[in-house]
Each structure stands twice: as C-alpha cells, then as structure tokens.
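K.L.:
Got a predicted model here, sequence first, then my questions.
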Amino acid sequence: MKGNEKKNLLRRISRSFDMVESTVALLSFLAMFIFVLITIIYRYLLHLPLLWTEESARYMMITGIFFGMSIAVRENAHLGVDIFINLLPKQSKKSVRLFSDIITLIAYLAILYSTYLFMAKTFAGNQTSPALKLPMYMIYGVIYAGFLLATIEQIIKIILPMTEKGFPTHEEVEK
C-alpha cells in the first residue's frame, strides 16, 4: 500500500469515527438537556421529583464528555502548553510534538487497560445504578469506549503525518 493510499484509508477511518463520535456526543447532550428540563418541570412546577431523570442526565453527560474527548484529540483541542515548543526550531518542534503524542498515547493505553479491569470487576459484581437499575458495567463501558476512541484517534494522529514525506507540524495540519 502506497503512502497516499494509507493516508486516504486513515482519513476515511477518522471521518467514520468522527461521524459516530459527533452523533453520540450531540445526542447525549441533547438528551441530557431534555432530562434536566423534565427534572425542573416535575420538581419545581409539579412538586413531584423524579429520580430517574437526574440519573439519566448524569449518564448522558458522562457519555457526551467521553465521546467528546476523542473529538478533542482529533481536533488538537486538548490542553497543552505550547509556549516553549514555539520557541524551538521547526525540526525540533516536530520531534517534541511527536514525543508528546507518543507519551499521550501511552497514557491513553494505560487508562484504557485500567478501565477495562475496573469494568470487568464491576461486571462480576452485578452492581446496578440506584434509580434506573442499569448494570454499572454499561456506564463504565461508556468510559472505556471513550478512551478506546481517543486511543484510536491518537494513533491516527501519530501515523497520518508519517504517511507524507517530511510530515507537517500541528500548525500546518490545522491550516
């Protein structure tokens, strides 16, 4: 497979993930808004608090955040301090950013593994949520899925520039 074919395949994979991540995050935040609105109406207007809407809103927020995390990885919107990197020569910037991306990937892999172990323990314990009675491994599965997608995006972020000769810096990619 030639460089351009690899690059196009990675871009198609990234676009497919983008569609899934964006849709899930958007629907999660929309559902969270609706559940909070229902909570407010029932609690303050009808004086009948609904516990399941509060719990549902919380789980929708968790889903939106963890699916949005992978979007932030792809868009380079995560936190970073560039002041020192911007003082470096162009070639050094590339090396430092690549090193930073690799360290971030290692951190994602470690968190992904830890989340898997935690989810497996929760699965064995049959713990459920208080109001909705959902198995808690489903909620932790959302966190696992978010870190899995972020890990995949980070891998693409490292490999994609290498498919081009003299891979660009993050600033060149963002333009």
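P.N.:
The structure has been received and is ready for your questions.
K.L.:
Show me what counts as buried in the helix ranked longest in the chain.
P.N.:
The longest helix of the chain (DSSP state H) is helix 3-40. Neighbour counts using 16 or more other Cβ atoms under 10 Å place 7, 10, 14, 17-18, 21, 24-25, 28-29, 31-32, 35-36, 38-39 of helix 3-40 among the buried residues. For glycine as for every other residue, the C-beta is placed from the backbone atoms N, C-alpha and C.
K.L.:
Repeat that for stretch 114-134.
P.N.:
115, 119, 122, 129.
K.L.:
which of these lies closest to Y144?
P.N.:
Closest approach to Y144 among these (Cβ to Cβ): T115, at 4.7 Å.
K.L.:
need the contact list for that closest one.
P.N.:
Neighbouring residues of T115 by Cβ atoms under 8 Å, 6 or more residues apart in numbering: 140, 143-144, 147.
K.L.:
Most neighbours out of these, which is it?
P.N.:
Neighbour counts for these (other Cβ atoms under 10 Å) peak at F147, which has 23 neighbours.
K.L.:
So that one sits against L112, correct?
P.N.:
Yes. Counting by Cβ atoms under 8 Å, F147 does reach L112; the two are 4.6 Å apart.
K.L.:
any chance of the contacts of T115 in TSV, with secondary structure and pLDDT too?
P.N.:
Output for the contacts of T115, formatted as TSV (DSSP: H, G, I helix; E, B strand; the rest coil; pLDDT from 0 to 100):
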residue	secondary structure	pLDDT
Y140	helix	92
I143	helix	95
Y144	helix	96
F147	helix	96
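K.L.:
from the residues you listed, which is closest to R74?
P.N.:
Nearest member of these to R74, counting by Cβ to Cβ, is F147, at 14.1 Å.
K.L.:
Tell me which residues touch that closest one, please.
P.N.:
By Cβ under 8 Å, 6+ apart, the contact set of F147 is 66, 69, 108, 111-112, 115.
K.L.:
rewinding a little: from the buried residues of helix 3-40, which is closest to K157?
P.N.:
Closest to K157, out of all of the buried residues of helix 3-40 and judged by Cβ to Cβ, is S14, at 8.7 Å.
K.L.:
Hmm, the closest one is touching E75, no?
P.N.:
No. S14 lies out of contact with E75 (Cβ under 8 Å); the separation is 10.9 Å.
K.L.:
Stretch 140-156: how far from the chain's middle?
P.N.:
Centre-to-centre, stretch 140-156 and its host chain are 6 Å apart (Cα atoms, centre = their mean, to the nearest Å).
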